[in-house]
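Q: predicted coordinates and the sequence they were generated for:
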Amino acid sequence: MTVPPTMVTIGSGNPSARRFVGKDCVVTGAGGGIGRAVALRLATEGARVAVLDIDLEGARETLSLAGADHKGFAAKLDVRSEASIAAVAAQTAEAFGGVDVLVNNAGIEVLGTIAETAPDVWDEVMAVNLRGPYLCSRVFLPHLLARASAKGGAAIVHNASLMGQVSSPRLAAYCASKAGLISLTRSMALDFAKQNLRVNCVCPGIVHTEMLERRFALQPDRAEAYRVVSQRPPVNYIGNPEDVAAAIAYLAADEARFVTGSALTIDGGVGAA
């Protein structure tokens with residue numbers, strides 16, 4: 001297995017960039033995995049971050065990793081509930097006074113064909129992966145548009161998936177939800193472009209997260225499963241959450257001011273093969 005050319009630790013990034021000084025960011029699903037890496041990357045670059053997750057302890061752990069000097073906060077958020085989102089949005093407005101960046105990262109994965117996926121399971125995947133970003137964007141929209149007007153720009157970044165662009169066996173609900181999220185990204189980008197609100201998404205491929213570990217746990221030989229998966233990307237290694245966090249930070253930053261409606265693929269070349 002090839003080792004990634006640059007291994008970075010959670011929350012590292014390039015502190016000298018400091019692209020988010022004076023900016024207030026919201027990250028959902030930030031209690032671990034990609035969401036944690038995103039929250040810590042933004043904090044490292046100077047942002048105040050609302051670290052949100054249905055797992056409050058995970059969110060608090062992420063906040064603690066940001067360091068004592070970080071001025072953000074952790075809160076419990078259920079992206080399936082408009083009331084939960086509204087409560088956190090009010091808390092964010094009180095703590096920060098506004099929102100410059102919303103990262104809709106929370107998501108779940110369920111294995112199964114449509115024959116294996118019960119309607120309630122299908123609905124749950126859609127509720128988290130597609131309705132969740134819609135609801136969060138809708139509730140936080142007034143705060144984002146106010147900052148866009150005052151500062152000349154604001155940004156939403158959705159965490160979609162390579163599986164929204166291509167497909168894979170036994171991922172029917174997940175693939176459908178992520179394809180919908182990519183389409184939603186484009187629609188939102190067109191709807192709010194003239195109000196200086198940019199909307200983009202990232203499409204990660206194989207990334208070493210808790211979600212992937214749960215897949216490995218279902219295999220009789222975890223080491224062999226890891227070896228096989230690691231060889232799938234043409235670069236011959238699995239991505240890290242920090243690889244995705246770096247891309248999300250770029251799309252959220254002012255330097256991406258001419259980028260909206262994009263779906264940035266981060267997959268080690270899988271989709272090109």
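A: Noted; the coordinates are in hand.
Q: and the nearest residue to residue 76 once chain neighbours are set aside, what does it touch?
A: Leaving aside its sequence neighbours, residue 76 sits nearest to residue 56 (C-beta to C-beta, 6 or more residues apart in numbering; 4.2 Å). Backbone N, C-alpha and C define where each C-beta goes, glycine included. Contact analysis of residue 56 by C-beta atoms under 8 Å, 6 or more residues apart in numbering lists 31, 74-76.
Q: so who does the closest residue to residue 152 other than its chain neighbours touch?
A: In space, and not counting its chain neighbours, residue 152 is closest to residue 196: 5.9 Å by C-beta to C-beta, 6+ apart. By C-beta under 8 Å, 6+ apart, the contact list for residue 196 reads 148-149, 152-154.
Q: the helices in the stretch 1-150 of the chain, which residues?
A: 33-44, 56-65, 82-96, 119-126, 132-151 (DSSP state H, counting those that start in this stretch).
Q: got those as JSON lines, with distance to residue 107 and mean pLDDT columns?
A: Formatted as JSON lines, those follow (distance: least, C-beta to C-beta, whole Å; pLDDT from 0 to 100):
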{"stretch": "helix 33-44", "distance to residue 107": "9", "mean pLDDT": "98"}
{"stretch": "helix 56-65", "distance to residue 107": "14", "mean pLDDT": "98"}
{"stretch": "helix 82-96", "distance to residue 107": "15", "mean pLDDT": "98"}
{"stretch": "helix 119-126", "distance to residue 107": "9", "mean pLDDT": "98"}
{"stretch": "helix 132-151", "distance to residue 107": "8", "mean pLDDT": "98"}
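Q: okay, these in TSV with distance to residue 162 next?
A: TSV is the format used below for the helices of the stretch 1-150 of the chain (distance: least, C-beta to C-beta, whole Å):
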stretch	distance to residue 162
helix 33-44	13
helix 56-65	25
helix 82-96	27
helix 119-126	17
helix 132-151	17
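Q: please identify which of those helices is closest to residue 203.
A: helix 33-44 (12.1 Å; C-beta to C-beta).
Q: got phi/psi on residue 201?
A: With angles defined as degrees, to the nearest 10, residue 201 sits at phi -140, psi 160.
Q: no further questions, thank you.
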